[in-house]
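Engineer: sequence first, then the predicted structure:
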Amino acid sequence: MANDLLQEMAPLLAEDGIDVNDPSSFDMAALNAALARAVERTNLERFTPIGVTRSNTLTVLLSASEAISSGDVQSTEAVIRGIAPEPKETGEPSVAPVIGVSLGLLDSWHRDASLTKLHARTRIPD
């Protein structure tokens, strides 16, 4: 599995001059630095959808938020159960993009000083 992941990141590592098939082309410090950048970029790509997948992810988040806000447990459960565990080619959001977009939105909202008072008053329903 580690080798599969290394091969998947090989193009990103190559951008830093690392040839994963030629260990004599790098030292451990260079490999570790390049791996850190490659892992960060890979995670960003996996958890940050674009295009149709992002739009569909935002729709799922809106549906879940509305169901939670209205206290509709059945609708909330239906929305959450409808999230695929793994990505699909159809643009349906899976768990990773839903988490990534959610965290990105929360991060941007909490960095916005103009929303501080609103955050203090916001309560999550039971």
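Structural biologist: That came through, no problem. All of these numbers come straight from a predicted model, not from anything done at the bench.

Engineer: find the nearest non-adjacent residue to the spatially most central residue of the chain, please.
Structural biologist: The structure's the chain has its C-alpha centroid closest to residue 47; by Cα atoms, centre = their mean the separation is 1.9 Å. Among residues not flanking residue 47 along the chain, residue 100 sits closest, at 3.1 Å (Cβ to Cβ, 6 or more residues apart in numbering). (Glycine included, C-beta is placed from N, CA and C.)

Engineer: what of residue 9?
Structural biologist: residue 38 (4.3 Å).

Engineer: now the residue of the chain most remote from its centre, what are its backbone angles?
Structural biologist: Distance from the C-alpha centroid of the chain peaks at residue 24, with 34.3 Å (Cα atoms, centre = their mean). Here is the backbone geometry of residue 24 (degrees, to the nearest 10): phi -80, psi -10.
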